[in-house]
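Trainee: Next comes the sequence, and after it the predicted model I'd like to discuss.
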Amino acid sequence: QVQLVESGGGLVQAGGSLRLSCAASGRTFSRYFMGWFRQAPGKEREFVAGTSWSGDRTSYVNSVKGRFTLSRDSAKNTVYLQMNSLKPEDTAVYYCAADVRATIKASEYDYWGQGTQVTVSS
């Protein structure tokens, strides 16, 4: 059974940092594109960043470029999202997802984690 488990969320002041982790299990994910999405109350789920396991394909939404960084540990089947210079508008539930396609469309992802809350206070 495929499982994606996020961790690392929490409450942080504006300007602070958090590192989210997404641990994948249940199949070989080397051919999958791993995406991070977020959803704030009353808003649609939006693509934040995504990466292939090899790192040859990486994408960030403009609003997080220069602040968020993806990394991978293939031995642990874990993808990380380092979030620096956090802003109140980054507050949302963050989800990781996996799909064989390198896509930014949430509807196209086959597998999802349960989400982790990130709250940035001003």
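Mentor: Structure's in. What do you need?
Trainee: I'd like the distance from residue 120 to residue 59, if you could.
Mentor: Distance from residue 120 to residue 59, counting by CB to CB, to the nearest Å: 22 Å. The C-beta positions use only the backbone N, C-alpha and C, and glycine is treated the same way.
Trainee: the more surrounded of those two?
Mentor: Higher neighbour count among residue 120 and residue 59: residue 120, with 20 against 17, using other CB atoms under 10 Å.
Trainee: show me the contacts for that one.
Mentor: Residues in contact with residue 120 (CB atoms under 8 Å, 6 or more residues apart in numbering) are 11, 12, 13, 14, 16, 86, 87, 88, 89, 90, 91.
Trainee: pLDDT wise, what is it at?
Mentor: Note for residue 120: predicted pLDDT of 98.
Trainee: That one: helix or strand, and which one exactly?
Mentor: Using DSSP states H and E, residue 120 sits within strand 116-121.
Trainee: buried residues in that strand?
Mentor: 116, 118, 120 (16 or more other CB atoms under 10 Å).
Trainee: neighbouring strands for it, and are they parallel or not?
Mentor: strand 10-13 (parallel), strand 92-99 (antiparallel) (DSSP bridges).
Trainee: gap between that strand and the chain center?
Mentor: 13 Å (CA atoms, centre = their mean, to the nearest Å).
Trainee: same question, stretch 104-114
Mentor: 11 Å.
Trainee: Tell me the secondary structure of the residue nearest the centre of the chain, please.
Mentor: The structure's the chain has its C-alpha centroid closest to residue 36; by CA atoms, centre = their mean the separation is 2.6 Å. The assignment at residue 36 comes out as strand when based on DSSP: H, G, I helix; E, B strand; the rest coil.
Trainee: burial of residue 65, as a residue count?
Mentor: 11.
Trainee: now it: how far from residue 24?
Mentor: Note on residue 65: its distance to residue 24, by CB to CB, is 25 Å.
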